[in-house]
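Q: Sequence and predicted structure are below.
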Amino acid sequence: MAELSAYELQRAANIVINSEKLAALGLSSILPQALKAQAPPKRPKREPAYTAVPERRSSRVQAIAASNIYVESETAGGTIKVGGTIKALAGQRKKEAARAAERAALEDPLVRFSLGEMPEEEKHLLEGAERKAFAALYKVKRAKAKEIQIEGYKIAQHRSLCEVVRQLPANHEALARCWGFGGSGVRVQKYGDIFLDALAPHVDHVRAEQEAS
């Protein structure tokens, strides 16, 4: 065994002297004792509490159910407006239904008079001016199809012509909002003028018939 250095011998002597002094003073209980190495106790894992409604931590509102939230509106830039109560949600839905009805009225004049939705077939048109306008549009469609030797439906379908009669578009932009003429806009560019020219003589008569209905 290696001999202790002078420093270690002095340190051991000091420990003995100090221990004797502490014992004389009745403070031997604070002397260091060898402790068995042991891992710290593990805390029990706490299972999260799940509730049927959002948890309210404030003692003042613990008994109050959390309000429903919903996105009331959103701008093109991504800014949203949030609504927060069932009553507000019901009001928002009512507003949306009213806006949808207004849009329908703008798209179809007859909605204002409770006479039906946008026509899809010739039989859905009003007898008289609307059907005469449809016949004029159908005639130019057939003539154009024969001229360029393609099927008539590739130029415009019956539903498209019916909607043109009901909407009475005055330019290419309005025509593009009719069923079958939107999308890429190729049909409007190729055939828009022939349909607008054929429709023009009937516009006043059709509008008067719609308003009278």
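A: Arrived safely, thanks for sending.
Q: What ranges does this protein have for its helices?
A: Assigned by DSSP state H, the chain shows helices spanning 6-24, 86-107, 129-148, 158-167, 172-175, 186-199, 203-212.
Q: between those helices, which gets the lowest average pLDDT?
A: Among the helices of the chain, helix 86-107 carries the lowest mean pLDDT, at a mean of 69.
Q: Wait, Val164 touches Arg177, no?
A: No - Val164 is not in contact with Arg177 according to Cβ atoms under 8 Å; the separation is 10.2 Å. Where you see a C-beta, it was placed from the backbone N, CA and C, and this is true even at glycine.
Q: the more surrounded of these two?
A: Val164 (24 against 13; other Cβ atoms under 10 Å).
Q: Now do the same contact list for that one.
A: Val164 makes contacts with 137, 175, 178, 181, 195, 199, as judged by Cβ atoms under 8 Å, 6 or more residues apart in numbering.
Q: quick one: the last one from Leu9, how far?
A: Distance, Leu199 to Leu9, using Cβ to Cβ, to the nearest Å: 119 Å.
Q: circling back to that earlier point, can you tell which of the helices of the chain is closest to Pro41?
A: For the helices of the chain, the distance to Pro41 is smallest for helix 6-24, at 31.3 Å, taking Cβ to Cβ.
Q: Which strands and helices lie in contact with the closest one?
A: Where contact means 3 or more Cβ pairs under 8 Å, 6 or more residues apart in numbering; DSSP states H and E, helix 6-24 is not packed against any helix or strand.
Q: can you pull the buried residues of that helix?
A: Under the neighbour-count criterion of 16 or more other Cβ atoms under 10 Å, helix 6-24 has nothing buried.
Q: ok, now stretch 200-212?
A: Using 16+ other Cβ under 10 Å as the test for burial, stretch 200-212 gives 202-203, 206, 209-210.
Q: now, which of these sits nearest Glu117?
A: Nearest member of these to Glu117, counting by Cβ to Cβ, is Gln210, at 13.8 Å.
Q: wait, the closest one sits on Leu125?
A: No - using Cβ under 8 Å, Gln210 makes no contact with Leu125, being 10.4 Å away.
Q: overlap in contacts of the two?
A: Arg166.
Q: which residues sit in contact with Gln189?
A: So Gln189 contacts His172 (Cβ under 8 Å, 6+ apart).
Q: Nearest residue to Arg131 in space, please, no chain neighbours.
A: Nearest non-adjacent residue to Arg131, counting by Cβ to Cβ, 6 or more residues apart in numbering: Leu125, 5.1 Å away.
Q: quick one: that neighbour and Lys94, what's the gap?
A: Taking Cβ to Cβ, one finds Leu125 at 33 Å from Lys94.
Q: The two: who's more crowded?
A: Taking other Cβ under 10 Å, Leu125 and Lys94 do not tie; Leu125 has more neighbours (21 against 10).
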